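# sequence and predicted structure, then a few things I'm wondering about:
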Amino acid sequence: MINKIVAIQGNPPSTLKPQTDTSIFLASEIQNKGFKIFYYYPKDLSILKSKVVARGFFINFSYTNRKFFKVFKKQNLDLSKCSFILIRQDPPFNLEYISTTYILENIKGKVKIINNPASIRNVSEKLYSTKYKKFMPPTIFTQNLIEIKNFLKIYKKIIIKPIHSFGGNDIYLISRFNINLIKKLIKKHGHIMCQKYLSKIIKGDKRVFLINGKICGAISRIPKKGSFLSNMSKGAKPVISKLTKLELKISKIVAKDLKKKKIFFAGIDFIDQKLNGDINVTSPTGLKTFFDLSKVNLAKTFWKELNI
């Protein structure tokens, strides 16, 4: 390690919610260990004179101050001088996102980057879940209207959603073939994921936290009345949860596999003991909520697993 600096590639701090945000939770924990936080946006990442440089700012996060962050002067930083880089911007996993992973790969031998840039590309969240299809409800990935129509005909009620979005955005439950809606979704997102609707979602899903190949905890997220969306950003209520034997078995398989793929931090989701296809490796969330519910600080676990 050259300097006690952790760089975070993320969304603007003003858009983050300290009550629930995992990036702030991780940053606050490492600040307590004497590290400085350098923050930058994906668009401000460059290769200049063979160096990977980001234009950003040092930042201090605080849960006690009325304003939860303080930004210092903008500057360029050679990211090879950092101890760690956390890739924490939200999807969509688009060309800009992919480009940043290629740029950061230039310094992967000098800095610990979480998650590994090449692994983020290769473990393409929902599409990667096809590896575990025997643990999932019936699911297809397609742009083909005939295939979607046939799938709906078999399962009567299906969920349709983008492959590379997040936060419950553009997710629909359909029981009839709404061609205009489906065409609009495909035009916006390309390939979409279609999955048999599991009615037990009204009792909540389970988000499982995987750190360095270990199962570290889980929460359930219960949709608000009249909704099927279990995202907290859509009003779902989080509660502490335990895994069933089957969920634990599946989680161990996925955790072991992701560690082999050099994925250090991930979140996986279950509905009715079935993987729902979300293998979250780009910007896993939920650690602050888990702490508030259980008083177990997985940010400490995160940094401990990195020998900090």
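Great, that's in hand.
# quick one: the strands in the stretch 201-308 of the chain, in order.
In the stretch 201-308 of the chain, the segments counted as strands under DSSP state E, counting those that start in this stretch are 205-211, 214-222, 237-240, 265-271, 274-280.
# what's the answer for the stretch 51-200 of the chain, then?
Using DSSP E, counting those that start in this stretch, strands in the stretch 51-200 of the chain cover 51-61, 69-78, 84-87, 112-114, 139-142, 158-162, 172-174, 192-196.
# okay, these, which one's buried deepest?
strand 84-87 (a mean of 24; mean count of other Cβ atoms under 10 Å). For the C-beta atoms, the positions are set from N, CA and C on the backbone; glycine is no exception.
# check the offset of that strand from the chain's centre.
Relative to its parent chain, strand 84-87 has a centroid offset of 14 Å by Cα atoms, centre = their mean, to the nearest Å.
# care to break the chain down by domain?
Here the domain parsing of the chain from automatic domain parsing is 5-122, 138-197, 200-304.
# how about the ones you listed in CSV, adding distance to K131 and mean pLDDT?
Converted to CSV, these look like this (distance: least, Cβ to Cβ, whole Å; pLDDT from 0 to 100):
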stretch, distance to K131, mean pLDDT
domain 5-122, 11, 95
domain 138-197, 12, 94
domain 200-304, 7, 95
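# minimum distance to Y132: which of those has it?
Of all the domains of the chain, it is domain 200-304 that lies closest to Y132, at 5.5 Å by Cβ to Cβ.
# quick check: end-to-end length of the closest one?
36 Å (Cα to Cα, to the nearest Å).
# before we move on, the earlier item: want to try TSV for the strands of the stretch 201-308 of the chain, with mean neighbour count and distance to N115 as columns?
Supplementary listing: these in TSV, determined by neighbours: other Cβ atoms under 10 Å; distance: least, Cβ to Cβ, whole Å:
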stretch	mean neighbour count	distance to N115
strand 205-211	24	11
strand 214-222	20	15
strand 237-240	14	23
strand 265-271	24	6
strand 274-280	23	10
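# F72: which of these is closest?
strand 265-271 (26.8 Å).
# make JSON lines from the strands of the stretch 51-200 of the chain and add distance to V281 to it.
Formatted as JSON lines, the strands of the stretch 51-200 of the chain follow (distance: least, Cβ to Cβ, whole Å):
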{"stretch": "strand 51-61", "distance to V281": "21"}
{"stretch": "strand 69-78", "distance to V281": "25"}
{"stretch": "strand 84-87", "distance to V281": "9"}
{"stretch": "strand 112-114", "distance to V281": "10"}
{"stretch": "strand 139-142", "distance to V281": "17"}
{"stretch": "strand 158-162", "distance to V281": "16"}
{"stretch": "strand 172-174", "distance to V281": "24"}
{"stretch": "strand 192-196", "distance to V281": "16"}
